[in-house]
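Q: return a 3D structure for these sequence lines:
(2 chains)
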Amino acid sequence: AQSVAQPEDQVNVAEGNPLTVKCTYSVSGNPYLFWYVQYPNRGLQFLLKYITGDNLVKGSYGFEAEFNKSQTSFHLKKPSALVSDSALYFCAVRDMDNYQLIWGAGTKLIIKP
Amino acid sequence: EAQVTQNPRYLITVTGKKLTVTCSQNMNHEYMSWYRQDPGLGLRQIYYSMNVEVTDKGDVPEGYKVSRKEKRNFPLILESPSPNQTSLYFCASTPTGLIYEQYFGPGTRLTVT
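A: Next comes the predicted model:
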């Protein structure tokens, strides 16, 4: 069965330190992968996606993600965290059979000053 | 401005009183979808529509109805709301194509007492 896992419910990082939010997936065929962010009391916003090509994808707000096919992972990263990065982050993968997105449960990122 | 709008943003109602949450997008997207977001459960898809007059059940369709009479609108109908439908609801849209990201509305927080 196709699935997405975000193994950490919460990630705590000090401001200025690098951050990583983990995502692993299980799909048949080549994956189309997405990251979204949800700020408090807001809708989800698209951050970045991997469709094909370079394994390192750059997105909004200084975020990037690395696609690793052998480890079936698509971890979200940022070199230097900001307090304003504190939010809920969702990873999603496209189900190629029915077109729908399969969502991870979300990871709450807390950046402390 | 390209956007997905939802109304109302907040709604408190009583069990059994029919309600409709409207969703509209101005991007000429073919695909639209409704999700509910509950703590610890992430996003769960309720219904989706690949185009006008085409709707399909998502993962949690029970107790909900939708219609897609026009391309831009995709209302969510709760004919007899119950307390277990208290949740945060999001509408989303995207162009047809596996590579495209979804655009989300701001959310509707529904409380059923």
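Q: residue ranges of the strands in chain B, please?
A: B:4-7, B:10-13, B:19-25, B:31-38, B:42-51, B:54-57, B:65-66, B:76-78, B:87-94, B:103-104, B:108-112 (DSSP state E).
Q: contacting residues around A:Ser73?
A: Counting by C-beta atoms under 8 Å, 6 or more residues apart in numbering or on different chains, A:Ser73 touches A:Lys22, A:Cys23, A:Thr24, A:Tyr25, A:Glu66, A:Phe67. C-beta coordinates here come from the backbone N, C-alpha and C atoms, glycine included.
Q: ok, A:Val21 next?
A: A:Val21 makes contact with A:Gln6, A:Glu8, A:Val11, A:His75, A:Leu76, A:Lys77, A:Tyr89, A:Cys91, A:Thr107, A:Leu109, according to C-beta under 8 Å, 6+ apart.
Q: give me that answer again for 7 Å
A: A:Val11, A:His75, A:Leu76, A:Tyr89, A:Thr107, A:Leu109 (C-beta atoms under 7 Å, 6 or more residues apart in numbering or on different chains).
Q: state the distance from A:Lys78 to chain B.
A: As for A:Lys78, its distance to chain B is 19 Å (criterion: C-beta to the nearest C-beta, to the nearest Å).
Q: do you know the pLDDT at that residue?
A: With respect to pLDDT, A:Lys78 scores 98.
Q: go on, B:Ile77?
A: On pLDDT, B:Ile77 comes in at 98.
Q: I'd say it and B:Thr22 touch.
A: No - judged on C-beta atoms under 7 Å, B:Ile77 makes no contact with B:Thr22 at a distance of 10.1 Å.
Q: phi, psi of A:Leu76?
A: When read as degrees, to the nearest 10, the backbone of A:Leu76 gives phi -90, psi 140.
Q: revised request: answer the last question for A:Ser84.
A: phi -70, psi -10.
Q: burial count for B:Val14?
A: 11 (other C-beta atoms under 10 Å in any protein chain shown).
Q: do B:Leu98 as well
A: Neighbours of B:Leu98 using other C-beta under 10 Å come to 11.
Q: what pLDDT does the model give it?
A: Looking at B:Leu98, its pLDDT reads 79.
Q: roughly how far apart are the residue nearest the centre of chain B and B:Gln3?
A: Nearest residue to the geometric centre of chain B (C-alpha atoms, centre = their mean): B:Trp34, 3.0 Å. To B:Gln3, B:Trp34 is 17 Å away according to C-beta to C-beta, to the nearest Å.
Q: ditto for B:Tyr48
A: B:Tyr48 sits 19 Å away from B:Gln3, going by C-beta to C-beta.
Q: looking at those two, which has the bigger crowd around it?
A: Taking B:Tyr48 and B:Gln3 together and counting by other C-beta under 10 Å, B:Tyr48 has the greater number of neighbours (24 against 14).
Q: find the nearest non-adjacent residue to that one, please.
A: Nearest residue to B:Tyr48 in three dimensions, chain neighbours excluded: B:Ser33, at 4.1 Å (C-beta to C-beta, 6 or more residues apart in numbering or on different chains).
Q: quick one: that neighbour and B:Ala92 touch, right?
A: Yes - checked against C-beta under 7 Å, the pair B:Ser33 and B:Ala92 is within contact range at 4.9 Å.
Q: good, we can wrap up now.
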